[in-house]
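**Student:** only geometry, no sequence info:
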């Protein structure tokens, strides 16, 4: 099994740590060959609060996945999120100095670096500079400029930046688990790889990944990300509301939310009941399901009202005709799409990851979307770097040029 064809994804969430080991087939298809899941106790709202606990969960999850895959793991593509994440759009421009005016991958990297020249506080660092579109000599709408000719190259990028200390704590946790980070990836960017259709990205769509401690939001248009943010509310808030409102344990609240909860009270029949075990009582209590929905609905409504505010602040309300795609564990609460449609006035669907072959059939739940997306992001990163190495090494173009040169000299 070639080492350079093994990709490992690591989703460090507030409620669980999920590790996936994948292998690239000869056709470039990602096959999941190892899965490891462990409870997460060292994270809160996407931020490390206990390095030792987080490192242990990472080590246990990756260990399970690597044993199942039958291969060692040393590098991981790690998702990051949290309230400290911010974003903005930037531009960069450079002159093409090659004698033949051909744009190389080095020029593309150079213009991306130029777009990173922005003013940030000293405690912040750039996580991503994602190209939205390129232009050559004023001709815009170019997606891959390498190999084309021109005198001036420009790029519009989506810059994601984060608090340096929070990223360092994630890195320390991974290192203490005996691993190193291949790349840190903003979680909604990874999730989009797993659940969004190319047509949705082009038309314009909003992605919302409702995790345990936070909800990640991103807007895509014309195939590129144009806005991203992190909402400091997630599925754990719903669980806490149920536990507090019904005087039940966190475990009982999680069970009721998953098995009997609803995001819309009037969707629940009036004669539906559930059995509840309250704290401090030996006997079980019979409770109307509508009582659960009456607690869940305000919190879910709050999440989508914040989404609406973010869409308005970013001027994205009118550019998402494909609606909203909801993923993450919170998307599994009954009525999630219905309350989204009521508040946002757009179509809504649940985004489920799609993985071919291997263990992919076990990962169709939306709670695995980020991990699957990290795996796909890692495979694309590997294939892109491989193609660039071929390009820089000459590859087929170099062979053709050498052949023409030899033929010309022989004449």
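**Tutor:** Sure thing, it's come through. Nothing here was measured: the structure is a model prediction, and the numbers come from that model.
**Student:** in the stretch 201-350 of the chain, which spans are helices?
**Tutor:** For the stretch 201-350 of the chain, the helices defined by DSSP state H, counting those that start in this stretch occupy 235-246, 250-260, 289-313, 336-344.
**Student:** do the same with the stretch 51-200 of the chain
**Tutor:** Applying DSSP H, counting those that start in this stretch to the stretch 51-200 of the chain gives helices spanning 51-69, 105-115, 164-176, 187-195, 198-203.
**Student:** between the ones you listed, which gets nearest to residue 273?
**Tutor:** helix 187-195 (34.6 Å; C-beta to C-beta). All C-beta spots, glycine's among them, are computed from the backbone N, C-alpha and C.
**Student:** Average pLDDT for that closest one, rounded please.
**Tutor:** Average pLDDT, helix 187-195: 95.
**Student:** I'd like to know which of the helices of the stretch 201-350 of the chain lies nearest to residue 95.
**Tutor:** Proximity to residue 95 (C-beta to C-beta) singles out helix 289-313 among those, at 35.9 Å.
**Student:** Between helix 235-246 and the closest one, find me the angle.
**Tutor:** Orientation check (axes from the mean of the first three to the mean of the last three C-alpha atoms, to 10 degrees): helix 289-313 against helix 235-246 gives 140 degrees.
**Student:** Give the ranges of residues in the protein that sit below the confidence cut-off.
**Tutor:** Scanning the chain for pLDDT under 70 picks out the ranges 1-4, 387-411.
**Student:** What is the burial count for residue 168?
**Tutor:** Summarising burial for residue 168: neighbours were counted as other C-beta atoms under 10 Å, giving 12.
**Student:** So what's the gap between stretch 353-369 and the chain middle?
**Tutor:** The chain centroid and the centroid of stretch 353-369 are separated by 15 Å under C-alpha atoms, centre = their mean, to the nearest Å.
**Student:** buried residues in it?
**Tutor:** Residues of stretch 353-369 classed as buried by neighbour count (16 or more other C-beta atoms under 10 Å): 353, 355, 358, 359, 360, 363, 366, 367, 368, 369.
**Student:** Which of those sits closest to residue 10?
**Tutor:** residue 368 (12.7 Å).
**Student:** Can you tell me the element residue 41 falls in?
**Tutor:** Following DSSP states H and E, there is no helix or strand that holds residue 41.
**Student:** contacting residues for it?
**Tutor:** Contacts were defined as C-beta atoms under 8 Å, 6 or more residues apart in numbering; by that measure residue 41 touches 50, 53, 57.
**Student:** 10 Å instead?
**Tutor:** 14, 15, 17, 49, 50, 53, 54, 56, 57 (C-beta atoms under 10 Å, 6 or more residues apart in numbering).
**Student:** and the fourth one, how many residues sit next to it?
**Tutor:** The reference is to residue 49. For residue 49, the neighbour count with other C-beta under 10 Å is 13.
**Student:** just to revisit the earlier point, including mean neighbour count, could the helices of the stretch 201-350 of the chain go into a markdown table?
**Tutor:** Shown next, in a markdown table, are the helices of the stretch 201-350 of the chain (neighbours: other C-beta atoms under 10 Å):
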| stretch | mean neighbour count |
| --- | --- |
| helix 235-246 | 20 |
| helix 250-260 | 18 |
| helix 289-313 | 19 |
| helix 336-344 | 20 |
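**Student:** possible to save those as TSV with distance to residue 124?
**Tutor:** Shown next, in TSV, are those (distance: least, C-beta to C-beta, whole Å):
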stretch	distance to residue 124
helix 235-246	27
helix 250-260	34
helix 289-313	20
helix 336-344	31
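**Student:** Indicate which one of those helices is closest to residue 208.
**Tutor:** Evaluated over the helices of the stretch 201-350 of the chain, closeness to residue 208 peaks at helix 289-313, with 6.1 Å, by C-beta to C-beta.
**Student:** Check the offset of that closest one from the chain's centre.
**Tutor:** Worked out by C-alpha atoms, centre = their mean, helix 289-313 lies 22 Å from the chain centre.
**Student:** Same check on stretch 187-200?
**Tutor:** 8 Å.
**Student:** Report the buried residues of it.
**Tutor:** Going by neighbour count (16+ other C-beta under 10 Å), the buried part of stretch 187-200 is 187, 188, 189, 190, 191, 192, 193, 194, 195, 196, 200.
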